[in-house]
Each structure stands twice: as structure tokens, then as C-alpha cells.
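K.L.:
output the structure for:
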Amino acid sequence: MEKLTKLLHKIHTPLWLTILLAIILLLRIPSLFEPYYYGDEMIYLSLGQGIRQGLHLYSQIFDNKPPLIYLVAAVAGNLFWFKAILSFWLLVTTVLFWHLSQRLFPGKDKLQKTAVIAFAALTTLPLLEGNIVNAELLMVGPTIIAFLLLFSYKDNLKMIFVAGLLFSLATLFKVPAAFDLPVIIIFWFLSLKFNKEEILGFLKKSGVLALGFIIPIGLSFIWTYFQGSFKEYVTAAFLQNLGYLSSMRLGTMAAKGSFFSRNLPLIIRALIVVLSLVILYFKKAKLSKTFLFLCIWLLCGLFAVTLSERPYPHYLIQIVPEMSFLVAILLTEKSLEQSLVIIPLTLTFFVPFYYRYYYYSTFPYYLRFLKFTVGQTTKDQYFRQFSFDTTRNYALADFLVKSDGDKKVYVTGDSPTVYALAKKLPPIRFVADYHIGDYSTREAEVGNLTSAKPHYIVVLSSKSNYKELKTLLKSSYFHLLDIEEAEIWVRTKENSK
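P.N.:
Take a look at the predicted model:
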């Protein structure tokens, strides 16, 4: 009984945090009623369905992220449970973030509350796609636990090893999470007094942390090796992510030059990070260790979120923890660091402004859900407010399920939504057309389709310029019907064998 009492005391949350968690849950309710529409979620669910049906990731069904997001989707099985898992995950993450705030700012109750509220808002509201199941929202939890352990147990090598495992798990959701690992190593290095004992301690801690980081990723290599998809996994999730760097500039003159000219902005950003770290080193005597740590965390995070130069708002989720702490310092502290915090915060807000990150409106999101719940808009009208193609995709999925659930189906276009809704799998390993453009060729995949002989081929737009596929359709299929602009083609009997 005494042990149970101690455990309950440890997990007890104060009243204000309990109320905040209830508000988070309330604000997440609309996300549970969203239609199948968001591209990334649909890809995750499609690959999750592939896992449930025994397909091997990367070699038999493909996307270019590490495996954990697809395993979560496989456990969920559908969009509702996918969103529900995210909601629970973020409730736990918020509590963990509160515990981290206590470690970093002991006794500063107002600062802790401000930071936790900022964190909860930015990870929940649609502004940065907090309502969408993205890897950034899932990977931030393991990272927070890792830093919580590192600051709670400090020189405990076992806990440092566990922290390495957690950084690795975050990376297995999405590769940019790996840039949180060097944060603590740099922090340890900048805190060194450079005597033999401290240098040896630094090397030992860094080695143990690195070992913990390597093991889960190494196990994922072993897992895919025995599945026969090791090469595809390493290439897709890791090596081809190198080509992802500065990818928004691909197709420009920068893509045609040398490595240096193609990646000059990336190199400049790296130099800015290094220069900033040098400045922090020489000014560290005037800074608290917590402020020093937050600045390092922010610099590494900003470098990670700008790797591709893509303006997707959910990328910014990676820097929400450290940004929340810095905002809290600005709003609640009365010290030199309250003034100094303007510098990293200015850099933080400059990045989305410079790279023109877009964002989603929050009030209209909740207003349209309210109108739907009170019957002012119909289900179809509500769904169409997310995407004009939503009702069409539902109608296509309904047709495919009712016509014959076991028939092979291929859907053209960047719409894995139909696969996710109908719980179908493509007869080739790609669930979206843009994967074909990036990782294969249309000619090769039409050849695979010719061999696979799907019963139905769905062309999502009659304006499609997929010439290689049109040849196959004319030779082996007939046009059955249209659903909105989508064409459904069925294989002729003489070509079915």
C-alpha cells in the first residue's frame, strides 16, 4: 500500500495541469471526426495496412521514412484510432514536458506554467498541424524523456544509455530528430573545465549515449535484413534523405552545379550554427547552464527543420519545446536572460518568415466543426471543406469495397486516400504517384502493372498525362464508369488470365 501511495504521488498532477489536459482533450475532439483526406496520414495508414497484411516495408510497400510511424498506423488500423493514439500520446508528452520544466526551472512555478501552456497550444491547435498525425508530434515525446533523464540523473551511465535509446527511437520516427542528440554532447563539451578527469568523463558519457543511439537503429537494420528489404530501407529512409536536403531548390540552377553550389545555403546555415556555438562558448560564464542548453537545443533544432527548406508547418513542431521555454523566460523572468532571450527568439521567428512557412487557421477549423455538430452543414459539406476530392474518394472506396473486396486495384495520382479507405493495397509497392517520379519511372511501373494485372485501375483525373498507363488501358481494359472526374477501368476477360 505504501508503494502504491508513493507511485500515485509521483504521477499526481496539479489542478492547473489537469485542467489543461482536459482542455487539450476537448480541443482534440474535432480531429477524431476528420475525414480521410490528408496525404501523409493516408500514406501512413496504407503502409500500416500493408504491415497488417504481411507485406515487407520498403521492398513490397514504400515510403521514405523510418518504420515507427507505419507501425503505429498498423496498430491503429484506421484514422479514428490513429488520431486517438496521437491524442493520448500528446497528453502524456505534455505531462513529461511539465516534469522537464521542473528540472530545468526548479521553483519557478509561473515560468513552468507558461512554458507548458505554450507547448500544449502549439502541439494541439491546427496552426502548426497539431491536429494531424505527423512524425514530429510523435518523436518529440521520446526526445523530452531523454532530456528529462539526462538532467534528472546527470552522470548516471545507465540513464545516459537509456537516453541514447530514446533519441534513437525518436529518429526512427523521422531522421531530423537525430539532430537533438548532439545537443547534450555540445552542452557537455561547452561545460567542460578541460582537466583530464572531466575530459575522460565527457568521452565516456558521449560514448555510452552514442551506443544507446546506435542500438535501435542497428536492430532496425537487422529486422529489414531478415525481411529481405535492407537495401531498400537504408536507401529510402537514410541515404535518399541526403538528396532531400534543400529539395525545394531542386530543378533550379542550383541542382545542376557542384555539391558546394547546390548546398551553399545549407553550408551557410551550418556555419551560422557553428559561429553561434563559438559565441556561446565565450559568453558561457555570464549565462546560466539552462539558458545555454536551450540556446544549443534551439540552434540544432532550427538547423533540422530547415534541412529541406520546405515550408510545411508541422516541421516547426520539432522546435516547439525549446521555443516554449524561451517564450516563458521572456514573459516571466526579470533578469539579464529575459533581455538576451530576444536574440534566439528573433532567430526563431525569422526562419518561418524567411522560408515562408504557411500555417492553418485555428478559429475556422473549430467553427466548421461546431456547425457540423449542430446540423448547419451536412456531412458531405463538412468533408468538402477539408478537400474538394474527399467525397469522391469516399464514393470510390465504397464502390471498390462493394464490387469485390478481393480484387486488385491500382489508383493513379497522389491519392492514397482510396487505398486507406477501402483497405486496399496497390499491386506495386508505391501508394502515391510522386514516389514513382522520385524513386522509379512510369515505364517501369507500368511494366509491373502489366505483370500484376489489377482488376481495376482508377484514374483520378481525366486530365492525367500518364501516357504510358493510357496505352495499357486501351489494350487491356475498358472504361466502366465515372465517379465525378475519376475514371474506373476494369480488365477485359480475355486479359484476365
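
K.L.:
so which bits of the longest helix belonging to the chain are buried?
P.N.:
Counting residues, the longest helix found in the chain (DSSP state H) is helix 196-227. By neighbour count with 16 or more other CB atoms under 10 Å, helix 196-227 contains the buried residues 202, 205-206, 208-210, 212-213, 216-217, 220, 224, 227. No exception for glycine: its C-beta is placed from N, CA and C like everyone else's.

K.L.:
what helices or strands is that helix leaning on?
P.N.:
On a contact count with 3 or more CB pairs under 8 Å, 6 or more residues apart in numbering; DSSP states H and E, helix 196-227 meets helix 157-171, helix 181-190, helix 230-233.

K.L.:
out of those, flag the one nearest residue 427.
P.N.:
Of all the helices and strands packed on helix 196-227, it is helix 230-233 that lies closest to residue 427, at 17.5 Å by CB to CB.

K.L.:
how much space separates the nearest residue to residue 386 once chain neighbours are set aside from residue 268?
P.N.:
Distances taken as CB to CB, 6 or more residues apart in numbering put residue 37 closest to residue 386, at 4.6 Å, once the chain neighbours are dropped. Residue 37 sits 37 Å away from residue 268, going by CB to CB, to the nearest Å.

K.L.:
can you pull out the helices in the stretch 1-150 of the chain?
P.N.:
Taking DSSP state H, counting those that start in this stretch to define them, one finds helices in the stretch 1-150 of the chain at 2-11, 15-28, 39-52, 68-76, 79-104, 109-124, 135-153.

K.L.:
list the helices and strands the longest one packs on?
P.N.:
Spelled out, that is helix 79-104. helix 15-28, helix 39-52, helix 68-76, helix 109-124, helix 135-153, helix 289-305, helix 320-332.

K.L.:
please state the offset of that helix from the chain centre?
P.N.:
Centroid separation for helix 79-104 versus its chain: 15 Å, with CA atoms, centre = their mean, to the nearest Å.

K.L.:
and if you look at the second one?
P.N.:
If you compare the mean C-alpha spot of helix 15-28 with that of the full chain, they lie 23 Å apart, counting by CA atoms, centre = their mean.

K.L.:
just confirm residue 414 is within a strand.
P.N.:
No: per DSSP: H, G, I helix; E, B strand; the rest coil, residue 414 lies outside any strand segment and is coil.

K.L.:
ok, it - contacts?
P.N.:
Taking CB atoms under 8 Å, 6 or more residues apart in numbering, we find residue 414 in contact with 39, 432-434.

K.L.:
per-residue pLDDT, residue 468?
P.N.:
Listed pLDDT for residue 468 reads 87.

K.L.:
pLDDT score for residue 439?
P.N.:
Turning to residue 439, the model gives it a pLDDT of 86.

K.L.:
quick one, what contacts it?
P.N.:
62, 64, 236, 240, 430.

K.L.:
same check, this time on residue 59
P.N.:
By CB under 8 Å, 6+ apart, the residues touching residue 59 are 227-229, 232, 429.

K.L.:
are any of those buried, and which?
P.N.:
Buried among these by 16+ other CB under 10 Å: 227, 229, 232, 429.

K.L.:
quick check, pLDDT for the first one.
P.N.:
Same thing as residue 227. 93.

K.L.:
nearest residue to it other than its sequence neighbours?
P.N.:
Here the residue nearest residue 227, using CB to CB, 6+ apart, is residue 56, at 4.4 Å.

K.L.:
and that neighbour, how many neighbours?
P.N.:
18 (other CB atoms under 10 Å).

K.L.:
and what of residue 34?
P.N.:
20.
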